[in-house]
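>>> got a predicted structure here, sequence first:
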Amino acid sequence: MATLVVGAGQGIGYEFVNNFIRKYPGRKIIAVSRNIKNLMELEKKSNFLSVFKCDITSVNDLKNLRKNLIQNKIKITYLINFAGILIKKNWEKLSQEDFFEIYNTNVYAPFNLIRTIS
């Protein structure tokens, strides 16, 4: 039984993982992020934290995540997603590429993540 936290490398996701390992020692948590530098320091503090580098917009990264979870016999019970992007532009200045990037990260990627770990 493990909790998978996506977008855990910084901000709210990082703080969630940091608080989780202190409040619930002994519960398995998997932290996933494109940038794992901060998470590697946390991993040293807990035997129950595993860190995986993964860009959830990448199908190959998701396949590798699934492979790692299976190899390590990790069963995901809970998924918490903090990964997402916001492009701060006025509506009329958003390009089609901007909109695609937002939609890909905030809609398609979580859908593919859920399918991958199910």
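Thanks, I have the structure now.
>>> only C-alpha atoms from now on, for both contacts and neighbour counts.
OK.
>>> residue closest to the middle of the chain?
What sits nearest the mean C-alpha location of the chain, by C-alpha atoms, centre = their mean, is V6, with 1.7 Å.
>>> now do the contacts for that one.
V6 makes contact with 13, 31-33, 79-83, according to C-alpha atoms under 8 Å, 6 or more residues apart in numbering.
>>> of those, buried ones?
Buried residues within the contacts of V6, counting neighbours by 16 or more other C-alpha atoms under 10 Å: 13, 31-33, 81-83.
>>> need phi/psi at the closest residue in space to I102 that isn't next to it in sequence.
Nearest non-adjacent residue to I102, counting by C-alpha to C-alpha, 6 or more residues apart in numbering: I85, 6.0 Å away. Torsion angles at I85 (phi, psi; degrees, to the nearest 10) stand at phi -130, psi 160.
>>> so S50 sits in a strand?
Yes - according to DSSP: H, G, I helix; E, B strand; the rest coil, S50 belongs to a strand.
>>> residues contacting the nearest residue to it once chain neighbours are set aside?
Nearest residue to S50, sequence neighbours excluded (C-alpha to C-alpha, 6+ apart): I30, at 4.9 Å. By C-alpha under 8 Å, 6+ apart, I30 lies in contact with 2-5, 49-52.
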